[in-house]
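In: Quick check, what structure comes out for this input:
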Amino acid sequence: MSGFELAIVSLLAATVAGVLARVLFLHARVARRTRELEIELARRRDVETELDAAYRDLQRRFAARTHALEARNEELTRLRFALETANRRLRHLVGVDALTGIANRRHFDRALEREVRRARRDAQPLSLVFLDLDEFKLFNDSYGHTRGDEVLRKVAQTLDETFRRGGDLVARYGGEEFAVVLPGVDGRRAGLYAERLRRRIWRLAIPYNASQLTDRVTISGGVATIYPPVSAGPDDLLFAADKALYRAKCLGRNRIASAEVQSEEEKRLAVSG
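Out: Have a look, this model is predicted:
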């Protein structure tokens, strides 16, 4: 082999060696990069696994919190309903006479003021029946307060059964005194209603042998009515009904009487005249 040929072979060998070296270098870089990518992929998988676990834990916590809030809301709803029910019962009890179960004086006063304002606004008549049991102090002295309370309850029940319209209000004014508010009822009809009540109490035939008047419990009543245009107020209506009740007592009890309602200005004019 000539020197030229040896040179060519040497050159080819050097070239091949260079190429092999380059290939090996590239292969090493690819292998290193591949390992780096595999490591990075493994890290990402670990992070995704941690994120997935954290997400599931967050979902569990959210579901538990939501369930707790729903339970709390349900409890608050139950408590609110119980409170509203208790308040309604309390308002009812505040306005109810403990002995008879009908409206008490507090409820009556408020209702009368409200109905007087309504009568003025709607230009409608408003009647008031004021009544009490005849010689009731003597009844209590003769039969005892327990028996007297039974009679008061019986009279209140009869009142409640007699006046059943939606707007009617039956109340125990105090002691043996009762009152009935009759919106939209004129004096004539109010007198008829009161007389019907008096007869029903008479027909109860509650024994009262100690009475100097009759053999049973009786009532006397006074009726007063305001008409539009209304100038009189609740006190004027009460005063007139009480005046009519006094007149029924003076006429012998066990009867119904009526009286005209006068405003304070009309009373002053009557006195000065």
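
In: now the stretch 1-150 of the chain, which segments are flagged as low pLDDT?
Out: Along the stretch 1-150 of the chain, segments meeting pLDDT under 70 span 1-5, 9, 11, 79, 82-93.

In: what does the stretch 151-273 of the chain give?
Out: If you take pLDDT under 70 as the line, the stretch 151-273 of the chain has these spans: 262-273.

In: again, only this time at 80
Out: 230-231, 262-273 (pLDDT under 80).

In: Show me how the record splits the chain into domains.
Out: 1-94, 105-272 (automatic domain parsing).

In: Stretch 183-200: which residues count as buried?
Out: Pro183, Gly184, Val185, Gly187, Ala190, Gly191, Tyr193, Ala194, Leu197, Arg198 (16 or more other Cβ atoms under 10 Å). Where you see a C-beta, it was placed from the backbone N, CA and C, and this is true even at glycine.

In: Dump the residues you listed into CSV; add secondary structure as well.
Out: Formatted as CSV, these follow (DSSP: H, G, I helix; E, B strand; the rest coil):
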residue, secondary structure
Pro183, strand
Gly184, coil
Val185, coil
Gly187, helix
Ala190, helix
Gly191, helix
Tyr193, helix
Ala194, helix
Leu197, helix
Arg198, helix
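
In: any chance of those in a markdown table, with distance to Gln157 too?
Out: Below are these laid out as a markdown table (distance: Cβ to Cβ, whole Å):
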| residue | distance to Gln157 |
| --- | --- |
| Pro183 | 22 |
| Gly184 | 24 |
| Val185 | 21 |
| Gly187 | 26 |
| Ala190 | 21 |
| Gly191 | 22 |
| Tyr193 | 17 |
| Ala194 | 17 |
| Leu197 | 12 |
| Arg198 | 16 |
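
In: tell me which of the residues you listed is nearest to Glu260?
Out: Gly187 (8.8 Å; Cβ to Cβ).

In: Surely that closest one touches Pro125?
Out: Yes. In terms of Cβ atoms under 8 Å, Gly187 counts as a neighbour of Pro125; the distance is 7.5 Å.

In: what is in contact with the two at once?
Out: Residues touching both Gly187 and Pro125 comprise Thr225, with contact defined as Cβ atoms under 8 Å, 6 or more residues apart in numbering.

In: so what's the nearest residue to Leu169 once chain neighbours are set aside up against?
Out: Distances taken as Cβ to Cβ, 6 or more residues apart in numbering place Val181 nearest to Leu169, at 4.2 Å, with adjacent residues excluded. Contact analysis of Val181 by Cβ under 8 Å, 6+ apart lists Phe108, Ala111, Leu112, Glu115, Leu126, Ser127, Leu128, Asp168, Leu169, Ala171.
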